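J.: sequence plus the predicted model coming up.
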Amino acid sequence: MKLARFEWRGELRWGIVEGETIYALEGDLYGRFSQGKKLCRLPEVRLKAPCEPRNGVACGRNYMDHIKEMGWPVPEEPNLFFKPAHTVIGTEEEIVHPAISTDLRYEAELCLVIKKMARNLSEKEAMDYVLGYTCGNDVTAIDWFIKSQGQDLVRTKGCDTAGPLGPWLVTDIDPHNVAIKGRVNGETRQDSHTSLMIFNVPTLLKHITAFMTLCPGDVVWTGTPKGGASPVKVGDVIEVEIEGIGVLRNRVVAPK
């Protein structure tokens, strides 16, 4: 099932996507819901980020091919940081190149959205707390990471518009068995597979919820594979494609 958040006729709402058609979502997105009447076609709406997070938690250094590429040691536990809610934008929305950065990078990621309050989860129950999966782009001001020797993740990862998500949520894929690609201006720079994650989704959720509560709508970023942290500039179009989900597409624009 594809769950989309979109603007239509001046209203922001959720719907269920089948092919090119959007149907009403009846009920509670984070509880029980069903497919309602036909509303419109996809080309008639403006898709928005498929979540409304209070928190975004991301895992760095979580792909074995990226670890080998960078020559890093394999982490013993998830390497976590926050991805603030103000970074979130949807597909086709603009990534504003931060004025503070001279070296902007992108990172293709599989992201998941939480559907119910999650605290102290076991790995066995963790998947029951996932509403769905989407494509993410962890836009990174890498110069601030270098200047701070990895200490200033607020500026490195937290600039406005630095967390595109979309185009929608998919509820029924295996998050550990899909291809993931990243492209810049049509050139493939990342071509990997989620089976190369070091820490899978249940492990990440168990680790995160051991010290903080995740709320409905919160986002967990699962890391980027080989070729991540690839440079981008104003005018570039970045695409993140994940098998079974679709394509997240954003253009980088100059700061206003």
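T.: Structure's in. What do you need? Numbering: from 1, shown residues only.
J.: residue furthest from the geometric center of this protein?
T.: Lys37 (29.0 Å; CA atoms, centre = their mean).
J.: identify the residues contacting the closest residue to that residue other than its chain neighbours.
T.: If the residues on either side of it in the chain are set aside, Lys37 comes closest to Ala24, at 5.4 Å by CB to CB, 6 or more residues apart in numbering. The way it works is simple: take the backbone N, C-alpha and C, and place the C-beta from them, glycine included. Neighbouring residues of Ala24 by CB atoms under 8 Å, 6 or more residues apart in numbering: Arg13, Gly15, Ile16, Gln35, Gly36, Lys37, Lys38, Leu39.
J.: which residues of the stretch 51-200 of the chain fall in strands?
T.: 56-60, 79-82, 88-89, 95-96, 104-106, 108-114, 130-137, 140-141, 163-170, 179-184, 187-193 (DSSP state E, counting those that start in this stretch).
J.: other SSEs contacting the third one?
T.: The contact analysis (3 or more CB pairs under 8 Å, 6 or more residues apart in numbering; DSSP states H and E) places strand 88-89 against strand 163-170.
J.: what is the strand it packs on packed up against?
T.: So strand 163-170, by 3+ CB pairs under 8 Å, 6+ apart, packs with strand 2-8, strand 46-48, strand 88-89, strand 130-137, strand 246-253.
J.: and that strand, how far from the chain's centre?
T.: Distance, stretch centre to chain centre, for strand 163-170: 6 Å (CA atoms, centre = their mean, to the nearest Å).
J.: can you check stretch 69-87 too?
T.: 14 Å.
J.: buried set for that stretch?
T.: Residues of stretch 69-87 classed as buried: Pro78, Leu80, Phe81, Phe82, Lys83, Pro84, Ala85, Thr87 (neighbour count, 16 or more other CB atoms under 10 Å).
J.: any chance of those residues in a markdown table, with pLDDT too?
T.: Conversion of the buried residues of stretch 69-87 to a markdown table gives the following (pLDDT from 0 to 100):
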| residue | pLDDT |
| --- | --- |
| Pro78 | 98 |
| Leu80 | 97 |
| Phe81 | 97 |
| Phe82 | 97 |
| Lys83 | 97 |
| Pro84 | 96 |
| Ala85 | 96 |
| Thr87 | 98 |
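J.: closest to Asp160 out of these?
T.: Using CB to CB, Thr87 comes nearest to Asp160 of these, at 6.8 Å.
J.: wait, isn't that closest one in contact with Cys159?
T.: Yes. Using CB atoms under 8 Å, Thr87 is in contact with Cys159, at 6.9 Å.
J.: which neighbours do these two have in common?
T.: Val139.
J.: hmm, back to that, for Glu69, find the nearest of the helices and strands packed on strand 163-170.
T.: Taking the helices and strands packed on strand 163-170 one by one with CB to CB, strand 130-137 is closest: 18.7 Å.
J.: picking that back up, pLDDT at the residue nearest to Lys37, what is it?
T.: Each residue has a pLDDT score; the one for Ala24 is 98.
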